[in-house]
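In: Need a 3D model of the following:
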Amino acid sequence: MRRTFALLAVALASFAAAAVAALLRPKPPVADQVRPAPTEVRASRGPVELRAMLERLYLPGDRESSAYLQIDLAAPSDGAERPRVPVNAVLILDRSGSMRGVKIERARDAARALVQALGPEDRLAIVEFSSSASVLFPSTALSPPSRARALAAIERLEAQGGTNMSAAFDAAAPELRSGRARGRVDKVFLASDGQANEGIADRSGLLRVARRDFESATLSTFGVGDDYDEDLMSALAAQAGGRARYIDSPQMLAGAFRAELDRAAALVARGVRVRVTGLSGASVDRVFGYQADSGWVHVPDFAAGEERRVLARLTIPAGRGVADLAAVELAFEDARGETRTARTVVQATFTADAALLSRPPTEAAASGARAEMADVAAQAARYREQGNAREARERLSALGRIARRGAQAAPASAAEIVQMASEYEIGVDAIQSSGDAAAKKVKEKAFDAVRAPAAGW
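Out: Numbering: from 1, shown residues only. Model (predicted):
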């Protein structure tokens, strides 16, 4: 048994014993003069509800502390049957030289699956790229004749040349605009190995180009080949509120595209953004799994019945009494294109009362620990890929400390947290080289741990 797992198992037993002892111990009287902050705060604006919860309701008044902030977003389902919302789709296909062999066939599989999944009310454009980019099939409504032309164009794809992804984004932008219409959902799909080497090829530059060219469209990525750049493809999807998938077999494509399009039938919110701002001197260390743009993080679109959870970590200075610690803002467009906003404020009570400070935390303690563990595991995987075993081991040590704190704070979730820590360590230790299957598995697990919805999708 691995050393970290053994230590965590011992810690788990200690935490369980401590929890039992706490239940049997007489509870001291609560100080009457201390007014508690609310456990959870809510704000609802139409189709998406916003709830926020701090890890602890009581904080030490004499020193700096940190706490997780849990933000829950939910789009309630009314059970109504809705007609599917038409889709304005643009498919970007990589046909560069690195796509030769089975990879170009997987890209063709993706294109065929999307063409077959779209209906006559939808529009589709196909852009292909290698050292340059061109429009293979301009934005067109998919009547039977145009569907046949699209499938024929796909068959003509041949792999050759470099990988100029930025040129492909620029070529796709006018097609996306051409098919745009009120009541139609903009979706961009990218099938590539992500190995950009011409034009703008660095990750930050490609993210900037995608943000400029696709505006509020959802971008979902399909990684092709065992050597695809999962970091770039995941970052592109994360920035644009889409999903990142690995095409490990052609059989998964039809279901993946159907899932993307079926969600359009119950779409209730698009362009969903969340911003967390520290108050009373508190600061936002990070929002796990998301990159902020002017303070906002882009959350995937919502269909009715879906729920998502966003976790952040705050650093909080010493204070007195009940204090506002963070403002949480939500902004999105509803199905009719109208802008909706909501805002709420989370509070905590500063105190020196040991009984209050020892009270059990909220569920945000376990949720936050899982999110931070995922974040650190992804860092460890990247160090391991780079051949930096020492830094990878340090990140795993940090992951172990987070797991122990999380298990101690939330005994009911301790077993799950310990198991997750062990799985991350085993996964990172299995990484032998950059981009190998073990690295992809760790990073995919970490990505899903912080970005996958709590329900739906």
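
In: measure A355 to G161 for me?
Out: According to Cβ to Cβ, to the nearest Å, A355 stands 69 Å off from G161. C-betas here are computed from N, CA, C, even on glycine.

In: Please read the previous query as pertaining to R343.
Out: Following Cβ to Cβ, the distance that separates R343 from G161 is 50 Å.

In: wait, doesn't V297 sit right on R286?
Out: No. Using Cβ atoms under 8 Å as the test, V297 is too far from R286 to be in contact (10.2 Å).

In: okay, the two: which has more neighbours?
Out: Shown here are V297 and R286; by other Cβ atoms under 10 Å, V297 has more neighbours (22 against 16).

In: CA atoms of the helix or strand harbouring the more buried one as CSV?
Out: In this assignment (DSSP states H and E), V297 forms part of strand 296-299. Extracted C-alpha coordinates of strand 296-299, given in CSV (Å, rounded to 0.1, in the frame of the first residue of the first chain):
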residue,chain,number,x,y,z
TRP,A,296,-15.9,36.5,-14.7
VAL,A,297,-15.8,32.8,-15.3
HIS,A,298,-17.8,31.3,-18.2
VAL,A,299,-20.0,28.4,-17.1
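
In: who's in contact with that strand?
Out: With contact meaning Cβ atoms under 8 Å, 6 or more residues apart in numbering, strand 296-299 is reached by 73, 238-241, 271-275, 287, 290-291, 308, 310, 331.

In: chain center to the next helix or strand after that strand: distance?
Out: Where DSSP H and E defines the elements, the next helix or strand beyond strand 296-299 is strand 302-303. Here strand 302-303 is found 15 Å from its chain centre; the criterion is Cα atoms, centre = their mean, to the nearest Å.

In: On the C-terminal side of strand 302-303, identify the next helix or strand.
Out: Scanning forward in sequence from strand 302-303 by DSSP H and E, the next helix or strand is strand 307-316.

In: In terms of secondary structure, what does that next one contact?
Out: Judged by 3 or more Cβ pairs under 8 Å, 6 or more residues apart in numbering; DSSP states H and E, strand 307-316 is in contact with strand 65-74, strand 267-278, strand 283-287, strand 296-299, strand 321-334, helix 364-385.

In: pLDDT averaged over that strand - what is it?
Out: If you average the pLDDT over strand 307-316, you get 94.

In: Dump that strand to PDB, keeping only the CA atoms.
Out: Output in PDB follows, covering the C-alpha atoms of strand 307-316 (Å, rounded to 0.1, in the frame of the first residue of the first chain):
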ATOM      1  CA  GLU A 307     -27.300  21.900 -12.000                       C
ATOM      2  CA  ARG A 308     -23.700  23.000 -11.700                       C
ATOM      3  CA  ARG A 309     -21.400  23.700  -8.800                       C
ATOM      4  CA  VAL A 310     -18.600  26.300  -8.800                       C
ATOM      5  CA  LEU A 311     -16.000  26.300  -6.000                       C
ATOM      6  CA  ALA A 312     -13.700  29.100  -4.900                       C
ATOM      7  CA  ARG A 313     -11.200  29.700  -2.100                       C
ATOM      8  CA  LEU A 314     -11.100  32.900  -0.100                       C
ATOM      9  CA  THR A 315      -8.500  34.400   2.100                       C
ATOM     10  CA  ILE A 316     -10.100  36.300   5.000                       C
END
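
In: now the stretch 51-200 of the chain, which segments are flagged as low pLDDT?
Out: Residues of the stretch 51-200 of the chain meeting the criterion pLDDT under 70: 78-84.

In: and with 80 instead?
Out: For the stretch 51-200 of the chain, the stretches with pLDDT under 80 are 77-85, 183.

In: can you map out the helices along it?
Out: Along the stretch 51-200 of the chain, the stretches classed as helices by DSSP state H, counting those that start in this stretch are 102-117, 144-155, 165-178.

In: And the longest one, what's buried?
Out: Applying a neighbour-count criterion of 16 or more other Cβ atoms under 10 Å, one finds 103-104, 106-115, 117 buried in helix 102-117.
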